[in-house]
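[1] A structural model of the following input is requested.
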Amino acid sequence: IISQSRSMWVFSIIGILILLVATINFILISNAENESAKIEFACRKINGASNKQLVMMIMIKAIVVAFISLLPAVIFLNITLPFFNSHFQMDLEMKLFLNWPYPLLLIGFTLITGICSGLYLGFTTTTVNPLVLLQKGHQKGGSHIFKGVLVAVQFAVFILLLCCLFFMKKQFYFSLHKDL
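    Prediction:
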């Protein structure tokens with residue numbers, strides 16, 4: 001029972017780290033996709049849209065994209081769950097995720113991902129002068145630093161997970177081939 005509990009904690013931490021990498025990746029991809037939309041934001045700002053309206057528009061778009069991406073994620077989970085169960089001798093079922101706290105957690109994580117992405121893009125876009133946004137090649141220094149930090153964190157977590165994978169593989173191989 002202790003080893004199963006420890007395994008669940010390890011897999012939970014790995015899952016949270018993967019979710020962190022996915023969230024950072026979503027923020028970076030949303031930002032790259034909306035680089036071309038900055039002209040639209042500048043035009044809306046020149047035509048009288050307030051910063052609050054622009055931030056809300058960007059956040060709603062990011063939240064909708066996050067919830068749309070939830071469906072393929074659930075389908076992928078449903079497809080890979082039997083492999084996971086057989087490989088780790090577990091008995092997780094998809095209906096387990098339909099019990100009371102799990103749908104709320106799923107919706108909450110999706111909402112947080114959308115909000116983080118929308119806030120970052122909304123505030124970096126709306127704080128710049130619209131005329132500067134219309135200039136080609138404009139890049140904001142602070143935005144680049146934050147993007148660099150996000151990429152560095154994403155890379156560090158990926159390397160950590162890769163190292164854990166190799167150690168776990170060696171441990172698994174050792175336990176299979178060692179006479180106990």
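[2] Please make it C-alpha for all contacts and neighbour counts, starting now.
    OK.
[3] which element follows the least confident helix or strand in the chain by mean pLDDT toward the C-terminus?
    Ranked by mean pLDDT, DSSP states H and E, the weakest helix or strand in the chain is helix 130-134, scoring a mean of 76. Downstream of helix 130-134, the next assigned helix or strand under DSSP states H and E is helix 141-177.
[4] The least confident helix or strand of the chain - contacts with which helices or strands?
    For helix 130-134, the packing partners by 3 or more Cα pairs under 8 Å, 6 or more residues apart in numbering; DSSP states H and E come out as helix 38-46.
[5] Buried residues, the helix it packs on. List them.
    Lys38, Ile39, Phe41, Ala42, Cys43, Arg44, Lys45 (16 or more other Cα atoms under 10 Å).
[6] and the residues you listed as TSV, adding distance to Asn51?
    Shown next, in TSV, are the buried residues of helix 38-46 (distance: Cα to Cα, whole Å):
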residue	distance to Asn51
Lys38	13
Ile39	15
Phe41	10
Ala42	11
Cys43	12
Arg44	10
Lys45	8
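[7] now the least confident helix or strand of the chain, how far from the centre of its chain.
    Averaging C-alpha positions (Cα atoms, centre = their mean, to the nearest Å) puts helix 130-134 29 Å from its chain's average.
[8] Next, the buried residues of it.
    Pro130, Leu133.
[9] quick one: contacts of that helix?
    Contact with helix 130-134 is made by Lys38, Ile39, Phe41, Ala42, Cys43, Lys45, Ile46, His138, as judged by Cα atoms under 8 Å, 6 or more residues apart in numbering.
[10] Stretch 131-145: end-to-end distance?
    Stretch 131-145 has its terminal residues 22 Å apart, counting by Cα to Cα, to the nearest Å.
[11] ok, now which ones touch Val55?
    By Cα under 8 Å, 6+ apart, the residues touching Val55 are Gly118, Leu119, Gly122, Phe123, Thr126.
[12] Pull out the buried members of those.
    Among the contacts of Val55, the ones that count as buried by 16+ other Cα under 10 Å are Gly118, Leu119, Gly122, Thr126.
[13] Kindly present those as a markdown table, with separate columns for secondary structure.
    Shown next, in a markdown table, are the buried ones among the contacts of Val55 (DSSP: H, G, I helix; E, B strand; the rest coil):
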| residue | secondary structure |
| --- | --- |
| Gly118 | helix |
| Leu119 | helix |
| Gly122 | helix |
| Thr126 | helix |
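[14] now the residues you listed as JSON lines including distance to Gly148?
    Shown next, in JSON lines, are the buried ones among the contacts of Val55 (distance: Cα to Cα, whole Å):
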{"residue": "Gly118", "distance to Gly148": "18"}
{"residue": "Leu119", "distance to Gly148": "17"}
{"residue": "Gly122", "distance to Gly148": "18"}
{"residue": "Thr126", "distance to Gly148": "20"}
